[in-house]
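K.L.:
Output the structure for:
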Amino acid sequence: MTKADIINRIYERVGFSKKEATDVVEATFEIIKSHLEKGDKVKISGFGNFVIHGKQPRKGRNPQTGEEITIAGRKVLTFKPSQTLKKNMNSATAELSDTDNLTIS
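P.N.:
You can find the predicted model right below:
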């Protein structure tokens, strides 16, 4: 699913114009991005949590030369789905697997 798909779904379901739907999606993403850039945790109830974790610098090795190098520290974005989302995904998977086992004579 792309950003354009999300905008179209909002346009169809809520009845906003395409411009209004685009503005809502853009504003939502900007708010989420700005909080993540500050290092805040973003929790969306029923969906999941976005969290920034810091990775410390570490020693590594260049595989071609065998030379030891230092890999710089960095920030990593992780997403942990909520229990509700996991449950919904697993029930949808079970429904799909039930139809996969059908035989047509």
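K.L.:
going forward, measure contacts and count neighbours with C-alpha atoms only.
P.N.:
Fine.
K.L.:
Just checking the distance from the host helix or strand of residue 20 to the centre of its chain.
P.N.:
Assigned by DSSP states H and E, residue 20 falls within helix 18-37. When distances are taken as C-alpha atoms, centre = their mean, to the nearest Å, helix 18-37 is centred 14 Å away from the chain's centroid.
K.L.:
next SSE after that helix?
P.N.:
For helix 18-37, the following helix or strand on the C-terminal side (DSSP H and E) is strand 42-44.
K.L.:
which other helices and strands contact that next one?
P.N.:
helix 18-37, strand 48-55 (3 or more C-alpha pairs under 8 Å, 6 or more residues apart in numbering; DSSP states H and E).
K.L.:
residues of the first one that come out buried?
P.N.:
Applying a neighbour-count criterion of 16 or more other C-alpha atoms under 10 Å, the buried positions in helix 18-37 are 18, 21, 22, 25, 32, 36.
K.L.:
With the shortest one instead?
P.N.:
Buried residues in strand 48-55, counted by 16+ other C-alpha under 10 Å: 48, 50, 51, 52.
K.L.:
Put together CSV for those, with pLDDT on each row.
P.N.:
What follows is those, written out as CSV (pLDDT from 0 to 100):
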residue, pLDDT
48, 96
50, 96
51, 95
52, 94
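K.L.:
Nearest residue to residue 32 in space, please, no chain neighbours.
P.N.:
residue 42 (6.9 Å; C-alpha to C-alpha, 6 or more residues apart in numbering).
K.L.:
who does that neighbour bridge with?
P.N.:
Note on residue 42: beta-bridge partners by DSSP bridges are residue 50.
K.L.:
pretty sure it is touching residue 31, no?
P.N.:
No: Residue 42 is not in contact with residue 31 according to C-alpha atoms under 8 Å; the separation is 9.8 Å.
K.L.:
rewinding a little: and the buried residues of strand 48-55 as TSV, adding distance to residue 83?
P.N.:
What follows is the buried residues of strand 48-55, written out as TSV (distance: C-alpha to C-alpha, whole Å):
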residue	distance to residue 83
48	8
50	14
51	16
52	20
